[in-house]
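> what follows is a predicted protein model with its sequence.
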Amino acid sequence: MNVLIIGSGGREHALAWKIAQSRRAEQVFVAPGNAGTAESAENVPIPADDLPGLVRFAVENEVGLTIVGPEAPLAAGVVDAFDQSGLRIFGPSKAAAELEASKVFCKNLLRSADVPSAECQVFDDPDHAIKYLKDREDVPIVVKADGLAAGKGVIVCSGRDEAVDAVNKIAKEKAFGSAGDRLIIEERLEGQEASVLAITDGRTIVTLQPAQDHKPAGDGDTGANTGGMGAYCPAPIVDDRMLHWVEEHVLVPTVHAMKRARRPFRGVLYAGLMITKQGPKVLEYNVRFGDPECQPLLMRLQTDLLDVLEAAVEEELDEIGPLRWDPRPAVCVVMASEGYPGSYTTGHPIRGLDEAAKLPDVKVFHAGTKLAGDRIVTAGGRVLNVTALGENIAAAKLHAYTAVKCIRWDGAWCRKDISDKALA
Ligand code: AMP
Ligand code: GLY
(Lines give C-alpha, C1' and ligand atoms only; values in the text may rest on other atoms or scores of the structure.)
(Ligands and ions follow the chains in the order given, each with its own letter.)
Protein backbone atom coordinates (compact mmCIF):
# COMPACT_ATOMS: atom_id res chain seq x y z
CA MET A 1 0.00 0.00 0.00
CA ASN A 2 1.21 3.53 -0.72
CA VAL A 3 1.03 5.88 2.27
CA LEU A 4 1.04 9.69 2.43
CA ILE A 5 2.01 11.54 5.61
CA ILE A 6 1.09 15.22 5.88
CA GLY A 7 3.42 17.56 7.77
CA SER A 8 7.08 18.47 8.14
CA GLY A 9 8.19 18.12 11.76
CA GLY A 10 9.80 15.55 14.03
CA ARG A 11 6.46 13.84 14.56
CA GLU A 12 6.11 13.31 10.82
CA HIS A 13 9.66 11.98 10.55
CA ALA A 14 8.87 9.47 13.30
CA LEU A 15 5.62 8.50 11.53
CA ALA A 16 7.41 8.06 8.18
CA TRP A 17 10.22 6.04 9.79
CA LYS A 18 7.74 3.76 11.56
CA ILE A 19 5.36 3.33 8.60
CA ALA A 20 8.30 2.57 6.27
CA GLN A 21 9.06 -0.45 8.51
CA SER A 22 5.60 -1.92 7.87
CA ARG A 23 5.68 -5.11 5.80
CA ARG A 24 2.65 -3.74 3.95
CA ALA A 25 4.01 -0.29 3.08
CA GLU A 26 5.13 0.16 -0.50
CA GLN A 27 5.88 3.80 -1.31
CA VAL A 28 5.79 6.23 1.64
CA PHE A 29 5.41 9.92 0.78
CA VAL A 30 5.68 12.95 3.08
CA ALA A 31 4.18 16.32 2.13
CA PRO A 32 6.16 18.49 2.40
CA GLY A 33 8.59 16.75 4.82
CA ASN A 34 12.12 17.72 5.83
CA ALA A 35 15.68 16.46 5.29
CA GLY A 36 15.06 13.53 7.64
CA THR A 37 11.81 12.34 6.07
CA ALA A 38 13.68 12.35 2.74
CA GLU A 39 15.83 9.52 4.17
CA SER A 40 12.90 7.38 5.37
CA ALA A 41 10.46 8.23 2.57
CA GLU A 42 9.95 10.40 -0.52
CA ASN A 43 9.21 14.09 0.01
CA VAL A 44 6.61 15.76 -2.20
CA PRO A 45 6.59 19.56 -2.37
CA ILE A 46 2.93 20.11 -1.42
CA PRO A 47 2.26 22.36 1.60
CA ALA A 48 0.19 20.82 4.42
CA ASP A 49 -2.56 23.42 3.85
CA ASP A 50 -3.01 22.78 0.12
CA LEU A 51 -6.00 20.45 0.49
CA PRO A 52 -6.87 20.15 -3.23
CA GLY A 53 -3.19 19.54 -4.04
CA LEU A 54 -2.99 16.77 -1.43
CA VAL A 55 -6.18 15.09 -2.68
CA ARG A 56 -4.92 15.24 -6.28
CA PHE A 57 -1.57 13.73 -5.30
CA ALA A 58 -3.27 10.91 -3.36
CA VAL A 59 -5.51 10.04 -6.32
CA GLU A 60 -2.70 10.17 -8.88
CA ASN A 61 -0.31 8.09 -6.76
CA GLU A 62 -2.82 5.47 -5.60
CA VAL A 63 -2.32 6.34 -1.95
CA GLY A 64 -4.14 3.73 0.15
CA LEU A 65 -3.89 5.60 3.45
CA THR A 66 -3.08 9.20 4.36
CA ILE A 67 -1.96 10.12 7.90
CA VAL A 68 -2.27 13.71 9.11
CA GLY A 69 0.43 15.02 11.48
CA PRO A 70 -0.45 18.60 12.50
CA GLU A 71 -3.72 20.14 13.69
CA ALA A 72 -4.06 22.95 11.12
CA PRO A 73 -5.04 20.76 8.12
CA LEU A 74 -7.43 18.79 10.36
CA ALA A 75 -9.12 21.99 11.51
CA ALA A 76 -9.28 23.09 7.85
CA GLY A 77 -11.16 19.91 6.88
CA VAL A 78 -8.53 17.77 5.16
CA VAL A 79 -10.27 14.59 6.34
CA ASP A 80 -13.61 15.72 4.92
CA ALA A 81 -11.92 16.58 1.60
CA PHE A 82 -10.32 13.12 1.36
CA ASP A 83 -13.56 11.37 2.43
CA GLN A 84 -15.48 13.20 -0.30
CA SER A 85 -13.00 11.88 -2.87
CA GLY A 86 -13.35 8.34 -1.55
CA LEU A 87 -9.79 8.34 -0.16
CA ARG A 88 -8.88 6.73 3.15
CA ILE A 89 -7.38 9.10 5.70
CA PHE A 90 -6.54 8.76 9.39
CA GLY A 91 -7.67 11.70 11.52
CA PRO A 92 -10.82 13.44 12.78
CA SER A 93 -13.28 15.33 10.58
CA LYS A 94 -13.34 19.12 10.73
CA ALA A 95 -16.34 18.96 13.08
CA ALA A 96 -14.55 16.53 15.42
CA ALA A 97 -11.27 18.49 15.26
CA GLU A 98 -13.08 21.33 17.04
CA LEU A 99 -12.14 19.49 20.19
CA GLU A 100 -8.69 21.05 19.70
CA ALA A 101 -9.54 24.01 17.46
CA SER A 102 -12.00 25.55 19.95
CA LYS A 103 -11.21 25.49 23.63
CA VAL A 104 -14.77 26.65 24.35
CA PHE A 105 -16.21 23.68 22.45
CA CYS A 106 -13.81 21.40 24.34
CA LYS A 107 -14.75 22.84 27.74
CA ASN A 108 -18.49 22.51 27.03
CA LEU A 109 -18.03 18.93 25.90
CA LEU A 110 -15.95 18.05 28.98
CA ARG A 111 -18.64 19.55 31.19
CA SER A 112 -21.45 17.66 29.45
CA ALA A 113 -19.48 14.41 29.69
CA ASP A 114 -18.61 15.00 33.35
CA VAL A 115 -14.87 14.73 32.65
CA PRO A 116 -12.70 16.35 35.35
CA SER A 117 -11.23 19.68 34.23
CA ALA A 118 -10.46 23.15 35.64
CA GLU A 119 -13.42 25.41 36.56
CA CYS A 120 -13.83 28.06 33.87
CA GLN A 121 -15.84 30.98 32.52
CA VAL A 122 -16.22 31.92 28.84
CA PHE A 123 -16.28 35.55 27.66
CA ASP A 124 -17.03 37.21 24.31
CA ASP A 125 -16.49 40.69 25.69
CA PRO A 126 -13.07 41.50 27.21
CA ASP A 127 -14.60 44.18 29.45
CA HIS A 128 -16.86 41.56 31.04
CA ALA A 129 -13.81 39.37 31.54
CA ILE A 130 -11.92 42.20 33.25
CA LYS A 131 -14.91 43.01 35.47
CA TYR A 132 -15.13 39.34 36.43
CA LEU A 133 -11.42 39.33 37.36
CA LYS A 134 -11.78 42.50 39.45
CA ASP A 135 -14.86 41.20 41.29
CA ARG A 136 -13.28 37.97 42.43
CA GLU A 137 -10.49 36.95 44.74
CA ASP A 138 -6.94 37.69 43.48
CA VAL A 139 -5.74 34.12 42.81
CA PRO A 140 -3.52 32.40 40.23
CA ILE A 141 -5.46 32.07 37.02
CA VAL A 142 -5.11 31.02 33.38
CA VAL A 143 -6.36 33.04 30.39
CA LYS A 144 -6.84 31.21 27.07
CA ALA A 145 -7.71 32.26 23.55
CA ASP A 146 -10.51 30.07 22.20
CA GLY A 147 -8.96 29.25 18.82
CA LEU A 148 -5.74 27.74 17.47
CA ALA A 149 -2.69 29.88 18.26
CA ALA A 150 0.22 27.51 17.59
CA GLY A 151 0.33 26.54 21.27
CA LYS A 152 0.84 30.18 22.35
CA GLY A 153 -2.73 31.19 23.19
CA VAL A 154 -2.56 30.15 26.85
CA ILE A 155 -1.25 32.60 29.44
CA VAL A 156 -0.65 31.27 32.95
CA CYS A 157 -0.94 34.16 35.43
CA SER A 158 0.11 34.45 39.06
CA GLY A 159 -2.67 36.93 39.86
CA ARG A 160 -5.22 39.52 38.78
CA ASP A 161 -2.90 42.15 37.22
CA GLU A 162 -1.23 39.63 34.94
CA ALA A 163 -4.63 38.18 34.06
CA VAL A 164 -5.98 41.60 33.05
CA ASP A 165 -2.89 42.11 30.86
CA ALA A 166 -3.49 38.70 29.31
CA VAL A 167 -7.13 39.53 28.52
CA ASN A 168 -6.02 42.77 26.86
CA LYS A 169 -3.33 40.98 24.86
CA ILE A 170 -5.64 38.22 23.62
CA ALA A 171 -8.98 39.99 23.19
CA LYS A 172 -8.12 43.67 22.60
CA GLU A 173 -4.68 43.70 20.95
CA LYS A 174 -5.62 40.42 19.21
CA ALA A 175 -2.12 39.01 19.62
CA PHE A 176 -3.40 35.70 18.23
CA GLY A 177 -5.82 37.19 15.71
CA SER A 178 -9.36 35.85 15.58
CA ALA A 179 -8.36 32.99 17.92
CA GLY A 180 -8.95 35.61 20.63
CA ASP A 181 -12.54 36.50 19.65
CA ARG A 182 -13.64 34.48 22.64
CA LEU A 183 -11.66 33.73 25.73
CA ILE A 184 -11.66 31.44 28.71
CA ILE A 185 -10.67 32.32 32.24
CA GLU A 186 -9.81 29.25 34.18
CA GLU A 187 -8.71 28.15 37.61
CA ARG A 188 -4.97 27.45 37.66
CA LEU A 189 -4.26 23.82 38.47
CA GLU A 190 -1.17 22.60 40.30
CA GLY A 191 0.71 19.41 39.62
CA GLN A 192 2.78 17.59 37.00
CA GLU A 193 1.57 17.35 33.43
CA ALA A 194 1.29 14.13 31.44
CA SER A 195 0.12 13.21 27.95
CA VAL A 196 -2.16 10.22 27.45
CA LEU A 197 -2.77 9.51 23.77
CA ALA A 198 -5.24 7.01 22.38
CA ILE A 199 -6.16 5.81 18.93
CA THR A 200 -9.87 5.45 18.36
CA ASP A 201 -12.25 4.57 15.54
CA GLY A 202 -15.15 6.12 17.45
CA ARG A 203 -16.10 2.81 19.09
CA THR A 204 -12.94 1.12 20.34
CA ILE A 205 -10.21 3.02 22.20
CA VAL A 206 -6.61 1.79 22.11
CA THR A 207 -4.68 3.70 24.73
CA LEU A 208 -0.97 4.30 24.16
CA GLN A 209 1.67 4.33 26.89
CA PRO A 210 1.72 7.58 28.91
CA ALA A 211 4.32 10.20 28.02
CA GLN A 212 5.52 13.51 29.38
CA ASP A 213 6.45 16.64 27.43
CA HIS A 214 8.66 19.54 28.62
CA LYS A 215 7.06 22.78 27.42
CA PRO A 216 9.15 25.57 29.02
CA ALA A 217 12.44 26.47 27.33
CA GLY A 218 14.66 26.37 30.41
CA ASP A 219 15.94 23.64 32.73
CA GLY A 220 13.71 23.11 35.75
CA ASP A 221 10.67 24.22 33.73
CA THR A 222 11.68 27.89 33.64
CA GLY A 223 11.44 30.45 30.85
CA ALA A 224 9.12 30.89 27.89
CA ASN A 225 6.73 28.23 26.63
CA THR A 226 7.79 26.30 23.53
CA GLY A 227 6.29 23.65 21.29
CA GLY A 228 8.01 21.09 23.56
CA MET A 229 11.72 20.69 24.37
CA GLY A 230 11.72 16.95 25.00
CA ALA A 231 9.64 13.98 26.04
CA TYR A 232 9.90 10.52 27.50
CA CYS A 233 7.76 7.43 27.59
CA PRO A 234 6.47 5.76 29.72
CA ALA A 235 5.85 8.46 32.31
CA PRO A 236 5.89 6.72 35.71
CA ILE A 237 3.65 9.42 37.22
CA VAL A 238 0.81 7.72 35.33
CA ASP A 239 0.89 4.16 36.65
CA ASP A 240 -1.32 1.38 35.29
CA ARG A 241 -4.08 2.11 37.76
CA MET A 242 -4.18 5.78 36.83
CA LEU A 243 -4.07 4.93 33.13
CA HIS A 244 -7.16 2.74 33.54
CA TRP A 245 -8.83 5.49 35.52
CA VAL A 246 -8.10 7.95 32.68
CA GLU A 247 -9.54 5.52 30.13
CA GLU A 248 -12.72 5.08 32.14
CA HIS A 249 -13.30 8.66 33.34
CA VAL A 250 -11.73 10.72 30.54
CA LEU A 251 -11.34 8.93 27.21
CA VAL A 252 -14.48 6.75 27.14
CA PRO A 253 -16.90 9.54 28.19
CA THR A 254 -15.27 11.91 25.68
CA VAL A 255 -15.63 9.51 22.74
CA HIS A 256 -19.27 8.88 23.75
CA ALA A 257 -20.01 12.58 24.09
CA MET A 258 -18.53 13.25 20.64
CA LYS A 259 -20.80 10.58 19.20
CA ARG A 260 -23.83 12.10 20.97
CA ALA A 261 -22.83 15.51 19.59
CA ARG A 262 -22.94 13.93 16.09
CA ARG A 263 -19.23 14.52 15.65
CA PRO A 264 -17.96 10.94 15.85
CA PHE A 265 -14.25 10.98 16.67
CA ARG A 266 -11.77 8.95 14.66
CA GLY A 267 -8.05 9.54 15.02
CA VAL A 268 -5.66 10.30 17.86
CA LEU A 269 -7.32 11.58 21.00
CA TYR A 270 -4.56 13.22 23.05
CA ALA A 271 -5.48 14.20 26.58
CA GLY A 272 -3.17 16.82 28.08
CA LEU A 273 -3.55 16.11 31.79
CA MET A 274 -2.60 17.82 35.01
CA ILE A 275 -2.03 15.25 37.73
CA THR A 276 -3.44 17.19 40.69
CA LYS A 277 -3.79 16.13 44.33
CA GLN A 278 -7.43 15.32 43.52
CA GLY A 279 -6.38 13.16 40.56
CA PRO A 280 -5.93 13.76 36.82
CA LYS A 281 -7.78 16.68 35.21
CA VAL A 282 -7.91 17.51 31.49
CA LEU A 283 -6.05 20.72 30.55
CA GLU A 284 -6.84 20.35 26.86
CA TYR A 285 -7.45 17.88 24.09
CA ASN A 286 -5.36 17.62 20.96
CA VAL A 287 -6.66 15.65 17.99
CA ARG A 288 -3.34 14.33 16.63
CA PHE A 289 -0.09 12.80 17.81
CA GLY A 290 1.89 15.05 20.16
CA ASP A 291 5.17 16.49 19.01
CA PRO A 292 7.61 15.50 20.57
CA GLU A 293 5.68 12.74 22.46
CA CYS A 294 5.17 10.82 19.20
CA GLN A 295 8.92 10.28 18.80
CA PRO A 296 9.60 8.25 22.01
CA LEU A 297 6.19 6.55 21.67
CA LEU A 298 6.88 5.24 18.18
CA MET A 299 10.44 4.29 19.06
CA ARG A 300 8.91 1.87 21.61
CA LEU A 301 5.91 0.66 19.62
CA GLN A 302 6.48 -2.82 18.17
CA THR A 303 3.06 -3.40 16.61
CA ASP A 304 2.81 -2.51 12.91
CA LEU A 305 1.51 1.08 13.00
CA LEU A 306 0.03 0.82 9.51
CA ASP A 307 -2.19 -2.08 10.69
CA VAL A 308 -3.40 -0.04 13.66
CA LEU A 309 -4.16 3.16 11.74
CA GLU A 310 -5.83 1.31 8.90
CA ALA A 311 -8.00 -0.57 11.41
CA ALA A 312 -9.01 2.77 12.93
CA VAL A 313 -10.08 4.07 9.51
CA GLU A 314 -12.01 0.84 8.80
CA GLU A 315 -13.68 0.89 12.25
CA GLU A 316 -12.07 -2.45 13.02
CA LEU A 317 -9.87 -1.42 15.96
CA ASP A 318 -11.55 -4.09 18.11
CA GLU A 319 -9.72 -6.68 15.99
CA ILE A 320 -6.22 -5.26 16.66
CA GLY A 321 -5.69 -6.64 20.18
CA PRO A 322 -3.28 -5.20 22.72
CA LEU A 323 -0.34 -3.23 21.33
CA ARG A 324 3.17 -4.61 21.79
CA TRP A 325 5.79 -2.29 23.30
CA ASP A 326 9.53 -2.43 23.74
CA PRO A 327 9.77 -2.66 27.56
CA ARG A 328 12.68 -0.20 27.49
CA PRO A 329 11.82 3.47 28.07
CA ALA A 330 12.65 6.11 25.45
CA VAL A 331 13.85 9.68 25.96
CA CYS A 332 13.72 12.39 23.28
CA VAL A 333 15.83 15.57 23.54
CA VAL A 334 14.93 18.48 21.27
CA MET A 335 17.88 20.43 19.85
CA ALA A 336 16.85 23.98 18.95
CA SER A 337 18.11 27.09 17.17
CA GLU A 338 19.66 29.97 19.12
CA GLY A 339 16.86 32.38 20.04
CA TYR A 340 13.99 29.87 19.87
CA PRO A 341 11.13 30.22 20.94
CA GLY A 342 11.83 33.85 19.97
CA SER A 343 13.31 34.79 16.60
CA TYR A 344 16.21 32.78 15.20
CA THR A 345 18.24 32.43 12.02
CA THR A 346 18.28 29.39 9.74
CA GLY A 347 20.56 27.86 7.12
CA HIS A 348 23.28 26.72 9.54
CA PRO A 349 25.00 23.52 8.37
CA ILE A 350 24.50 20.62 10.82
CA ARG A 351 27.53 18.42 11.53
CA GLY A 352 27.85 15.07 13.32
CA LEU A 353 24.62 13.41 12.16
CA ASP A 354 26.50 10.39 10.76
CA GLU A 355 28.40 9.94 14.01
CA ALA A 356 25.16 10.06 16.03
CA ALA A 357 23.50 7.58 13.65
CA LYS A 358 26.16 4.98 14.46
CA LEU A 359 25.22 4.86 18.16
CA PRO A 360 23.09 1.85 19.14
CA ASP A 361 19.45 2.40 20.23
CA VAL A 362 19.51 6.02 19.02
CA LYS A 363 17.39 7.61 16.30
CA VAL A 364 17.76 11.26 15.34
CA PHE A 365 14.41 12.50 14.03
CA HIS A 366 14.54 15.72 12.03
CA ALA A 367 12.14 18.62 12.68
CA GLY A 368 13.34 21.95 11.22
CA THR A 369 15.91 20.78 8.68
CA LYS A 370 16.29 20.92 4.92
CA LEU A 371 18.70 19.84 2.25
CA ALA A 372 20.86 22.58 0.71
CA GLY A 373 22.81 20.87 -2.06
CA ASP A 374 24.29 17.85 -0.33
CA ARG A 375 24.36 19.48 3.10
CA ILE A 376 21.70 19.34 5.82
CA VAL A 377 21.01 22.78 7.25
CA THR A 378 18.73 24.20 9.95
CA ALA A 379 15.32 25.41 8.78
CA GLY A 380 13.28 25.96 11.95
CA GLY A 381 13.24 26.62 15.69
CA ARG A 382 13.08 23.01 16.86
CA VAL A 383 15.68 21.36 14.62
CA LEU A 384 16.36 17.77 15.74
CA ASN A 385 14.69 15.30 18.11
CA VAL A 386 17.42 13.00 19.42
CA THR A 387 15.62 9.90 20.71
CA ALA A 388 17.12 6.89 22.49
CA LEU A 389 16.09 3.68 24.23
CA GLY A 390 17.70 2.41 27.43
CA GLU A 391 17.29 -0.32 30.04
CA ASN A 392 15.80 2.35 32.31
CA ILE A 393 15.07 6.06 32.00
CA ALA A 394 18.51 7.08 33.28
CA ALA A 395 20.18 4.90 30.61
CA ALA A 396 17.88 6.20 27.86
CA LYS A 397 18.68 9.77 28.95
CA LEU A 398 22.42 9.03 28.88
CA HIS A 399 22.18 7.51 25.37
CA ALA A 400 20.19 10.47 24.06
CA TYR A 401 22.61 13.06 25.46
CA THR A 402 25.61 11.06 24.20
CA ALA A 403 24.14 11.42 20.70
CA VAL A 404 23.38 15.11 21.28
CA LYS A 405 27.10 15.65 22.00
CA CYS A 406 27.99 14.35 18.51
CA ILE A 407 25.86 17.01 16.79
CA ARG A 408 26.88 20.62 16.22
CA TRP A 409 25.76 23.78 14.46
CA ASP A 410 26.10 27.48 15.21
CA GLY A 411 23.82 28.29 18.12
CA ALA A 412 22.54 24.77 18.83
CA TRP A 413 21.13 24.27 22.35
CA CYS A 414 18.92 21.91 24.30
CA ARG A 415 17.50 21.42 27.78
CA LYS A 416 19.83 19.33 29.94
CA ASP A 417 17.19 17.84 32.24
CA ILE A 418 14.80 15.95 29.97
CA SER A 419 13.24 13.03 31.92
CA ASP A 420 14.63 14.15 35.31
CA LYS A 421 11.10 14.33 36.72
CA ALA A 422 10.79 10.60 36.16
CA LEU A 423 14.03 10.02 38.06
CA ALA A 424 13.14 12.19 41.06
P1 AMP B 1 -3.24 24.04 26.78
O2 AMP B 1 -2.93 24.48 25.37
O3 AMP B 1 -4.62 24.34 27.24
O4 AMP B 1 -2.75 22.67 27.13
O5 AMP B 1 -2.28 24.91 27.65
C6 AMP B 1 -0.89 24.95 27.42
C7 AMP B 1 -0.16 24.84 28.72
O8 AMP B 1 -0.62 25.83 29.63
C9 AMP B 1 -0.41 23.53 29.43
O10 AMP B 1 0.44 22.53 28.97
C11 AMP B 1 -0.14 23.91 30.86
O12 AMP B 1 1.27 23.97 31.10
C13 AMP B 1 -0.67 25.31 30.94
N14 AMP B 1 -2.06 25.31 31.44
C15 AMP B 1 -3.19 25.28 30.69
N16 AMP B 1 -4.29 25.29 31.47
C17 AMP B 1 -3.85 25.32 32.74
C18 AMP B 1 -4.50 25.34 34.04
N19 AMP B 1 -5.81 25.34 34.16
N20 AMP B 1 -3.71 25.36 35.13
C21 AMP B 1 -2.36 25.38 35.03
N22 AMP B 1 -1.69 25.36 33.85
C23 AMP B 1 -2.42 25.34 32.73
N1 GLY C 1 3.60 18.19 22.75
C2 GLY C 1 2.56 19.16 22.73
C3 GLY C 1 1.78 19.14 21.50
O4 GLY C 1 2.01 18.36 20.61
O5 GLY C 1 0.86 19.94 21.40
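Ah, there it is. Numbers count the residues shown, from 1 in each chain. Ligands and ions are numbered 1, 2, ... in the order given.
> F289 sits in which helix or strand?
In this structure, F289 sits in neither a helix nor a strand according to DSSP states H and E.
> correct me if wrong: it contacts G267.
No: in this structure F289 lies outside contact range of G267 using Cβ atoms under 8 Å: 9.4 Å. Where you see a C-beta, it was placed from the backbone N, CA and C, and this is true even at glycine.
> buried residues in the host helix or strand of V30, which are they?
Assigned by DSSP H and E, V30 belongs to strand 28-32. Residues of strand 28-32 classed as buried: V28, F29, V30, A31, P32 (neighbour count, 16 or more other Cβ atoms under 10 Å).
> quick check: residues of this structure near ligand 1?
118, 142, 144, 154, 156, 186, 188-189, 193, 215, 272, 283-284 (Cβ under 6 Å from any ligand atom).
> name only those of those residues that count as buried.
By 16+ other Cβ under 10 Å, the residues of the chain next to ligand 1 give A118, V142, K144, V154, V156, E186, L189, E193, K215, G272, L283, E284 as buried.
> the residue nearest to the fourth one when sequence neighbours are not counted: what's it in contact with?
If I follow you right, that is V154. Among residues not flanking V154 along the chain, K144 sits closest, at 4.9 Å (Cβ to Cβ, 6 or more residues apart in numbering). Contact analysis of K144 by Cβ atoms under 8 Å, 6 or more residues apart in numbering lists K103, G153, V154, I155, I170, L183, I184, I185, E186.
> in CSV: the residues you listed, plus pLDDT and secondary structure.
What follows is the contacts of K144, written out as CSV (pLDDT from 0 to 100; DSSP: H, G, I helix; E, B strand; the rest coil):
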residue, pLDDT, secondary structure
K103, 95, helix
G153, 87, coil
V154, 89, strand
I155, 89, strand
I170, 89, helix
L183, 95, strand
I184, 94, strand
I185, 94, strand
E186, 96, strand
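> turn these into CSV, including distance to E310.
Converted to CSV, the contacts of K144 look like this (distance: Cβ to Cβ, whole Å):
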residue, distance to E310
K103, 31
G153, 34
V154, 34
I155, 40
I170, 40
L183, 40
I184, 37
I185, 42
E186, 38
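> for the stretch 301-424 of the chain, what spans make up the strands?
330-336, 362-366, 369-372, 375-378, 382-389 (DSSP state E, counting those that start in this stretch).
> who touches the second one?
Okay, so that is strand 362-366. Contacts of strand 362-366 (Cβ under 8 Å, 6+ apart): 10, 13-14, 17, 34-37, 295, 299, 332, 353, 356-357, 376, 383-388, 399-400, 402-403, 407.
> buried ones among these?
Of these, these count as buried by 16+ other Cβ under 10 Å: 10, 13-14, 17, 34-37, 295, 299, 332, 353, 356, 376, 383-388, 399-400, 403, 407.
> which residue is it, in the stretch 201-350 of the chain, that comes closest to ligand 1?
E284 (3.4 Å; Cβ to the nearest ligand atom).
> helices of the stretch 1-150 of the chain, start to end?
For the stretch 1-150 of the chain, the helices defined by DSSP state H, counting those that start in this stretch occupy 10-20, 37-40, 51-60, 71-75, 78-84, 94-101, 103-112, 126-135.
> tell me the secondary structure at the closest residue to E284 other than its chain neighbours.
Spatial nearest neighbour of E284, excluding adjacent residues (Cβ to Cβ, 6+ apart): G272 at 4.6 Å. When classified by DSSP: H, G, I helix; E, B strand; the rest coil, G272 comes out as strand.
> okay, and the beta partners of G272?
Note on G272: beta-bridge partners S195, E284, judged by DSSP bridges.
> which ones are touching it?
For G272, the contact set (Cβ under 8 Å, 6+ apart) comprises E193, S195, V282, L283, E284, Y285, N286.
> quick one: the closest residue to the third one other than its chain neighbours from D240, how far?
Counting by Cβ to Cβ, 6+ apart, S117 is the residue found nearest to V282 once chain neighbours are left out, at 4.6 Å. In this structure, S117 and D240 are 23 Å apart, going by Cβ to Cβ, to the nearest Å.
> out of these two, which sits in the busier spot?
In this view S117 and D240 are compared by other Cβ atoms under 10 Å, and S117 has more residues nearby, 24 against 9.
> could you check how many residues crowd around the closest residue to L148 other than its chain neighbours?
Excluding the flanking residues, the one nearest L148 by Cβ to Cβ, 6+ apart is A101, at 5.4 Å. Residues within reach of A101, counting by other Cβ under 10 Å, total 20.
> you'd agree A101 is up against P70?
No: with contacts counted by Cβ under 8 Å, A101 stays clear of P70, the gap being 11.9 Å.
> wait, the residue of the stretch 201-350 of the chain closest to ligand 1 sits on E100?
Yes: counting by Cβ under 8 Å, E284 does reach E100; the two are 7.4 Å apart.
> joint contacts of these two?
By Cβ under 8 Å, 6+ apart, the residues touching both E284 and E100 are C106.
> how much space between the residue nearest to E284 and G153?
To G153, G272 is 14 Å away according to Cβ to Cβ.
> and for R88?
32 Å.
> which one's more surrounded, the two?
Neighbour count, other Cβ under 10 Å: between R88 and G153, G153 has more, with 22 against 16.
> how about the more buried one: what's its closest non-neighbour residue?
A145 (3.4 Å).
> give me the neighbour count for that neighbour.
By other Cβ under 10 Å, neighbour count at A145 equals 26.
> let me see the contact set for it.
So A145 contacts K103, G153, V154, I170, F176, A179, G180, R182, L183 (Cβ under 8 Å, 6+ apart).
> quick check, nearest of those residues to ligand 2?
V154 (11.0 Å).
> how far away is the closest one from L183?
Taking Cβ to Cβ, one finds V154 at 10 Å from L183.
> ok, now V282?
Distance from V282 to L183, by Cβ to Cβ: 18 Å.
> pretty sure H214 contacts G220?
No: using Cβ under 8 Å, H214 makes no contact with G220, being 10.2 Å away.
> common neighbours of the two, please.
D417.
> more neighbours, those two?
More crowded of H214 and G220, by other Cβ under 10 Å: H214, with 25 against 10.
> which ones are touching that one?
When contacts are counted by Cβ under 8 Å, 6+ apart, H214 is found next to D221, G228, M229, G230, A231, R415, D417, I418.
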